[in-house]
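In: Can you look at this prediction? I've put the sequence above it.
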Amino acid sequence: MFFLSVFEQTGVNMQKLAIFGADKMGKSTKKLVDLKYSNEYKLVYFVDNDTSKQGTLIESIPVISTEKLLELYKENSINCVAVCIVKPYGIEFLLTQHKIPLIRIESIGIFSLTTPSINNDSRPQLPQLETHISNHCNLKCKGCSHYSNTEKYPPFPTIDSFEKDIERLTQLFWNVEKFFLMGGEPFLNPELPKFMSLTRQYFPISNIQVISNGLLICKQNPNIWESFLKYDIGIEISSYPPTLKLLTNIESILKKYGVKYTIRPPITHFIAVLTKTTSNNPMKSRKVCLQNSCTIFLNGKIAKCPCILLADAINQYCSDFYSNQADIIDIHDASITGKDILEKISGPANFCKYCSESPRSFEWKSGGKVDSVDYSDWLA
């Protein structure tokens, strides 16, 4: 079915069309429109989440943001949107949520019109999700809640496995409200920009943040900051004692390149939550848990918190005492839905029986070498 016949059959007003995607596919679509259908309607805007493109012109057509698109649709300045991106999941849902007529571009010159309702999309939104861009860290904090100081896992996940996982996540959730790329220390991974690009590609309206201790920021090649701007991703700085000594320089760099950032409150203490018993009350443990909403995915698995998903790292010091399999979900299980996952992570986990109802607070320290790791650092 070709472009014109789609509109003729549906009666959609072609006079005020926006093309979502100011890239190769979007530009090719514009050329087709200019060549064959310029008398039938007017192309008024390109729309793109790339902030470096917003405010520019493509052959005299302004490039606007998604937020501006929603405003203009309410003003009747746009009647419908042709989606010209490879992975359109989040954008399609957003458009249908606002009841904007949507044209999905399958390939150049071939189109299919969809008029889905928000009620037809069974995928829920995931409030928060975090993942490791690096499993190792330059601080090696004693009692690290992500066990990065144990170096149990390979230093970095692979791009291929990450894309496979994140694409599957879009089939389970229409959006992740807050998406944290962390570790470990993410700036240790030389492929950080690729992970940022993929995350933004698959979740175009998510609030994506890189969580870092900040110690490597002043050593970065300036080119990396272009990726933060291009993909509209911010940085949250965890203020460890060594970070505070460099904070002025860190902020200076981020301000210089226009990178959005947040400085978290100073970290002076850690919390130890694990016990050597299974007699803890999960409901009571959950009430005092600081990781109650720290849903994490890694290597095709998702769990309520890092303690659960990464338990293998601590089990090497205690003869596999902590059983976590009942609480880990394989996201590639075809029978699993996003709603199933939300239900699984919303209440206390079976693993919570290992967590103290009275966690122990201890002064923050850098742990040094891996062979100096002490199992008791995690015990309440």
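Out: Cool, got the structure.
In: shaky segments in the stretch 151-300 of the chain?
Out: Filtered on pLDDT under 70, the stretch 151-300 of the chain yields no residues whatsoever.
In: Where do the helices of it begin and end?
Out: Secondary structure of the stretch 151-300 of the chain (DSSP state H, counting those that start in this stretch): helices at 159-172, 192-202, 224-230, 241-256, 282-287.
In: Now render those helices as TSV, adding distance to residue 372 and mean neighbour count.
Out: Quick note: C-beta positions are derived from backbone N, CA and C, even for glycine. What follows is the helices of the stretch 151-300 of the chain, written out as TSV (distance: least, CB to CB, whole Å; neighbours: other CB atoms under 10 Å):
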stretch	distance to residue 372	mean neighbour count
helix 159-172	31	17
helix 192-202	28	20
helix 224-230	32	17
helix 241-256	18	15
helix 282-287	29	16
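In: closest to residue 123 out of the ones you listed?
Out: helix 159-172 (6.4 Å; CB to CB).
In: where does residue 100 land in three-state SS?
Out: Following DSSP: H, G, I helix; E, B strand; the rest coil, the label given to residue 100 is coil.
In: pretty sure it contacts residue 76?
Out: No - Residue 100 is beyond contact range of residue 76, at 11.5 Å (criterion: CB atoms under 8 Å).
In: And the two? Which one has more around it.
Out: Higher neighbour count among residue 100 and residue 76: residue 100, with 17 against 9, using other CB atoms under 10 Å.
In: For the more buried one, give its distance to residue 71.
Out: Taking CB to CB, to the nearest Å as the measure, residue 100 falls 12 Å from residue 71.
In: can you check residue 295 too?
Out: 32 Å.
In: These two: which has the busier surroundings?
Out: residue 295 (26 against 12).
In: Look up phi and psi at the more buried one.
Out: Main-chain torsions, residue 295, degrees, to the nearest 10: phi -60, psi 130.
In: show me the contacts for it.
Out: 126, 127, 128, 129, 130, 302, 303, 304, 305, 345 (CB atoms under 8 Å, 6 or more residues apart in numbering).
In: In those, which residue is surrounded by the most others?
Out: That'd be residue 304 among the contacts of residue 295, by other CB under 10 Å, with 28 neighbours.
In: Could you pull up the contacting residues of it?
Out: Going by CB under 8 Å, 6+ apart, the list of residues near residue 304 reads 292, 294, 295, 327, 344, 345, 349, 351.
In: What degree of burial does the fifth one show, as a neighbour count?
Out: Here the neighbour count serves as a burial measure; for residue 344 (other CB under 10 Å) it reads 17.
In: Wait, a helix at it?
Out: Yes - judged by three-state DSSP, residue 344 forms part of a helix.
In: that's a helix at residue 126, yeah?
Out: No - according to three-state DSSP, the state of residue 126 is strand, so it is not within a helix.
In: Residue 174 is in contact with that one, correct?
Out: No - if you go by CB under 8 Å, residue 126 and residue 174 don't touch, sitting 9.0 Å apart.
In: The stretch 251-380 of the chain: strands as residue ranges?
Out: 261-266, 269-274, 296-298, 301-303, 329-330, 355-363 (DSSP state E, counting those that start in this stretch).
In: go on, the stretch 51-200 of the chain?
Out: Going by DSSP E, counting those that start in this stretch, the stretch 51-200 of the chain shows strands at 57-58, 61-64, 80-83, 102-107, 110-114, 125-132, 175-182.
In: worst average pLDDT in these?
Out: Note on the strands of the stretch 51-200 of the chain: strand 110-114 shows the lowest mean pLDDT, a mean of 37.
In: that older thread, got TSV for the strands of the stretch 51-200 of the chain, with distance to residue 203 too?
Out: Output for the strands of the stretch 51-200 of the chain, formatted as TSV (distance: least, CB to CB, whole Å):
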stretch	distance to residue 203
strand 57-58	24
strand 61-64	20
strand 80-83	15
strand 102-107	18
strand 110-114	20
strand 125-132	9
strand 175-182	5
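In: Let me know which of these is tucked in deepest.
Out: Looking across those with neighbours counted as mean count of other CB atoms under 10 Å, the highest average goes to strand 80-83: a mean of 23.
In: Grab the most central residue of this protein for me.
Out: Nearest to the mean C-alpha position of the chain, by CA atoms, centre = their mean, lies residue 179 at 3.2 Å.
In: that older thread, reformat the helices of the stretch 151-300 of the chain as JSON lines; add distance to residue 262.
Out: Output for those, formatted as JSON lines (distance: least, CB to CB, whole Å):
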{"stretch": "helix 159-172", "distance to residue 262": "23"}
{"stretch": "helix 192-202", "distance to residue 262": "17"}
{"stretch": "helix 224-230", "distance to residue 262": "13"}
{"stretch": "helix 241-256", "distance to residue 262": "10"}
{"stretch": "helix 282-287", "distance to residue 262": "27"}
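In: distance of residue 134 from residue 26?
Out: 34 Å.
In: re earlier: may I see the contacts of residue 295 arranged in JSON lines, with distance to residue 377 as well?
Out: Compiled in JSON lines, the contacts of residue 295 are given as follows (distance: CB to CB, whole Å):
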{"residue": "126", "distance to residue 377": "31"}
{"residue": "127", "distance to residue 377": "30"}
{"residue": "128", "distance to residue 377": "26"}
{"residue": "129", "distance to residue 377": "27"}
{"residue": "130", "distance to residue 377": "22"}
{"residue": "302", "distance to residue 377": "26"}
{"residue": "303", "distance to residue 377": "21"}
{"residue": "304", "distance to residue 377": "22"}
{"residue": "305", "distance to residue 377": "18"}
{"residue": "345", "distance to residue 377": "26"}
